[in-house]
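>>> A structural model of the following input is requested.
(one chain, ligands or ions: 2)
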Amino acid sequence: MTVETKRIILHLDMDSFYASVEMQRRPDLAGKPVIIGADPKGGTGRGVVATASYEARKYGVHSAMPISKAYALCPGGIYLPPDFPRYAAASSEVMAVLRATGFPSEQVSIDETFLDLTATGGYRQAETLARDLKSKIRAQTGLTCSIGIGPSKVVAKIASDYRKPDGLTIIPDQEAAAFLAPLPVRKIPGIGPKTEKELESAGMRTIGDLQSGLEVLLGRFGKGGAALHSLALGIDGSEVAGRGGPRSISRETTFEQDTGDPETLAATMEELILDVHRTLAEEKYRFRTVTVKVRYTGFITKTKAHSVQHYTDDIRTIRTLAHALLRDLLADRKIRLIGLRLSDLEAPARGQTTLGI
Ligand code: DCP
Ligand code: MG
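Ligands and ions are numbered 1, 2, ... in the order given. Model (predicted):
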């Protein structure tokens, strides 16, 4: 008998997460187009959509869309402000179910997690476990999720997105390249609109185009091109929990009206401080770097960061730095948005390991 060295990776992503949590606690919302995000104010609101229920997506509404556009597409939708503590609590419940399996896990956002299921011994056992997880999560939280299983993180992540909501997609090693081939290049995590354009100008639209385009990729992107070629084939050596956890914790707020008022700015910053600190405490992380972002009227954006010498979870450190950095960024122009980010995070269980590098 040969030793099984091939990995089996699972990626789980909750379905329309914020919207589903709201619909779970309010059964009257079932089947309705629910949109979580900024207040649309009858179409004049600012800010963006955080997420939309699958019913709302039929109208073309999606995450990160300006709320005014969402309102134009779906004026009859039910618009709700985000309730982050509730989503964080639901996320913790889901994580507890996943951790209870005992397999290595890596939470990568509020609603997605990787598990390394290699030790189950095979895809059939992994599938049984995945079905069990789906029913446990549903029983525990009332929420549905979509799961992908494959030989690497990249395949598992693309597979979990393949059939949503409530999907389960299993792609064994030998099927990975063929599964990926017809999909658009954007499905590869890390390929954003800019890279997509660049690839398109080289005549590459599908992942299959990347699979057969190593030379072009090397010419355009050098070493990065080789990495992209591997990902296109479903080859991705990165390990679950290898660099686990979030790389940063950030929040931002867009003002109703651009403002230069120091009190409004400070009060908003204080909300952001409380919000990022709550997440930091829940995750039991410590940080070293605080970054403040300011977008001025006219979309010019500036950031300023400061790192402290030792990891800390002290809210006073966040507060002192955040307000000082914000003051440094104040200019004659009015401000449209401010943001706050904690980075250089350290997870408690991993001792002195520095994340995010
Ligand atoms: N989110 C956000 N802003 C974004 C994207 C997401 O605030 N631009 C929040 C709201 C989502 C949650 O993060 O509910 C999880 O993000 P996903 O990308 O997984 O989106 P959903 O879970 O909402 O939908 P899907 O069923 O497509 O996973
Ligand atoms: Mg999701």
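>>> strands of the stretch 101-250 of the chain, residue ranges please.
Secondary structure of the stretch 101-250 of the chain (DSSP state E, counting those that start in this stretch): strands at 105-109, 112-116, 145-150, 168-170, 248-259.
>>> looking at this protein, which helix or strand is least sure?
strand 105-109 (a mean of 83; mean pLDDT, DSSP states H and E).
>>> and it, what does it pack against?
Helices and strands touching strand 105-109, by 3 or more C-beta pairs under 8 Å, 6 or more residues apart in numbering; DSSP states H and E, are helix 84-99, strand 112-116. Yep, even glycine has a C-beta here, placed from its N, CA and C like the rest.
>>> which of the ones you listed sits closest to A72?
Of all the helices and strands packed on strand 105-109, it is helix 84-99 that lies closest to A72, at 26.3 Å by C-beta to C-beta.
>>> what comes up buried for the closest one?
F84, Y87, A90, S91, V94, V97, L98 (16 or more other C-beta atoms under 10 Å).
>>> how about stretch 193-209?
Buried residues in stretch 193-209 (16+ other C-beta under 10 Å): T195, E196, L199, A202, M204, T206, I207, G208, D209.
>>> contacts only, for the residue lying closest to A181 once chain neighbours are set aside.
The shortest distance from A181 to any residue other than its chain neighbours is 3.4 Å, reached at G208 (C-beta to C-beta, 6 or more residues apart in numbering). By C-beta atoms under 8 Å, 6 or more residues apart in numbering, the residues touching G208 are L180, A181, P182, A232.
>>> repeat that for T279.
Per C-beta under 8 Å, 6+ apart, neighbours of T279: A88, I249.
>>> got the phi and psi for it?
phi -60, psi -40 (degrees, to the nearest 10).
>>> mind listing what I273 touches?
I315, I318, R319, A322, L340.
>>> tell me if I am right that it is in a helix.
Yes: secondary structure assignment places I273 in a helix (DSSP: H, G, I helix; E, B strand; the rest coil).
>>> which element is the closest residue to ligand 1 within the stretch 51-200 of the chain on?
Nearest to ligand 1, among the residues of the stretch 51-200 of the chain, is T51, at 3.3 Å (C-beta to the nearest ligand atom). Using DSSP states H and E, T51 maps to strand 49-52.
>>> now the strands for the stretch 251-357 of the chain?
Using DSSP E, counting those that start in this stretch, strands in the stretch 251-357 of the chain cover 287-296, 301-312, 335-343.
>>> of those strands, which is nearest ligand 1?
strand 335-343 (13.1 Å).
>>> once you drop chain neighbours, what's closest to S63?
Nearest one to S63, counting by C-beta to C-beta, 6+ apart, is T51 at 5.2 Å.
>>> re the thing from before, which one of the strands of the stretch 101-250 of the chain lies nearest to E127?
strand 168-170 (5.8 Å).
>>> residues in contact with that closest one?
123, 126-127, 130-131, 134, 146-150, 159-160, 162-163.
>>> out of those residues, flag the one nearest to D328.
Distances from D328 to these, taken by C-beta to C-beta, are shortest for S160, at 41.6 Å.
>>> next, count neighbours for the closest one.
Here the number of neighbours of S160 (other C-beta atoms under 10 Å) works out to 24.
>>> just give the nearest non-adjacent residue to it, would you?
Nearest to S160 is G148, by C-beta to C-beta, 6+ apart, at 3.3 Å.
>>> pretty sure that neighbour sits against A176.
No: checked against C-beta atoms under 8 Å, the pair G148 and A176 is beyond contact range at 11.1 Å.
>>> list residues touching both of these two?
V155.
>>> compare those two (neighbour count), which wins?
G148 (26 against 22).
>>> the residue in the stretch 251-357 of the chain positioned nearest to ligand 2 and E271, how far apart?
At 17.3 Å from ligand 2, T279 is the closest residue in the stretch 251-357 of the chain, using C-beta to the ion. Distance, T279 to E271, by C-beta to C-beta, to the nearest Å: 13 Å.
>>> now do L10
Counting by C-beta to C-beta, the gap from L10 to E271 is 36 Å.
>>> ditto for E263
E263 is 13 Å from E271, by C-beta to C-beta.
>>> the two: which has the busier surroundings?
Between E263 and E271, E271 has the larger neighbour count (other C-beta under 10 Å), namely 12 against 8.
>>> chain neighbours aside, what residue packs nearest to that one?
T253 (7.1 Å).
>>> does A177 really touch Q211, like I thought?
Yes: with contact defined as C-beta under 8 Å, A177 counts as touching Q211 (6.3 Å).
>>> intersection of neighbour lists for those two?
L233.
>>> coming back round to it: could you tell me the least trusted of the strands of the stretch 101-250 of the chain?
Between those, the one with the least mean pLDDT is strand 105-109; it has a mean of 83.
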